[in-house]
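Chemist: Task: produce atomic coordinates for the following.
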Amino acid sequence: MLFLRSPLLGMISLVPNLVPLGLAFGCWALVDGHISMAVAVTMAISFGLIVDDTIYFLHHYQASRRLEGASPAQAVTRAFRLAGSAMVLTSLVLILGFGSAVISALLPTRETVTMLSLIIFFALVADLLLLPPVLLLLERGGGGRRARGGADPAQRGHDGPDRAG
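Modeler: Sure thing, here's the model as predicted:
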């Protein structure tokens with residue numbers, strides 16, 4: 001919330017970060033049936049890892065809305081263009097890095113890295129498929145001024161960049 005300077009975007013950022021935790025723990029419970037201490041601690045660890053992609057996406061979205069006067073759809077498209085490949089790449093690096101420890105002889109290590117990889121995957125999917133529609137729904141519901149982090153550019157005394165077409 002502090003980085004985005006918008007309590008509303010801060011609250012929205014929780015959606016694509018809490019959903020993956022719930023999905024991963026639900027899958028784990030279905031497959032394994034036992035939530036060990038290592039798996040439970042993974043929730044706190046993973047939240048710190050997965051929030052980065054969401055903040056990166058929201059930063060580009062907010063900058064497009066605030067600085068360029070982009071529409072919500074244009075801002076989402078720009079955020080995908082600027083942040084999408086980096087989000088996918090960093091998530092894959094983390095998944096593959098943690099995945100290398102799946103062959104560990106220690107059960108808690110295997111459980112932790114398996115759960116982390118699952119959560120990171122679900123978080124990437126949530127950031128790419130859940131966050132944009134939530135942002136667009138927010139804008140449609142009248143929260144657009146707050147989501148940009150300030151007053152409408154026209155109310156600040158300038159119209160923003162000229163757009164052709």
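Chemist: and Thr54, what does it touch?
Modeler: Ser13, Pro16, Asn17, Ala123, Asp127, Leu131 (Cβ atoms under 8 Å, 6 or more residues apart in numbering). The C-beta positions use only the backbone N, C-alpha and C, and glycine is treated the same way.
Chemist: host element of it?
Modeler: helix 37-68 (DSSP states H and E).
Chemist: ok, now Ser117?
Modeler: helix 107-129.
Chemist: can you give me the angle the helix or strand just after that helix makes with helix 37-68?
Modeler: Toward the C-terminus, helix 107-129 is succeeded by helix 131-138 as the next helix or strand (DSSP H and E). Note on geometry: by axes from the mean of the first three to the mean of the last three Cα atoms, to 10 degrees, helix 131-138 and helix 37-68 are set 50 degrees apart in direction.
Chemist: Give the other helices and strands that helix 131-138 contacts.
Modeler: helix 7-31, helix 37-68, helix 72-99, helix 144-147 (3 or more Cβ pairs under 8 Å, 6 or more residues apart in numbering; DSSP states H and E).
Chemist: Would you format those as JSON lines with mean pLDDT and distance to Ile119 included?
Modeler: JSON lines is the format used below for those (pLDDT from 0 to 100; distance: least, Cβ to Cβ, whole Å):
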{"stretch": "helix 7-31", "mean pLDDT": "86", "distance to Ile119": "4"}
{"stretch": "helix 37-68", "mean pLDDT": "88", "distance to Ile119": "4"}
{"stretch": "helix 72-99", "mean pLDDT": "93", "distance to Ile119": "10"}
{"stretch": "helix 144-147", "mean pLDDT": "48", "distance to Ile119": "26"}
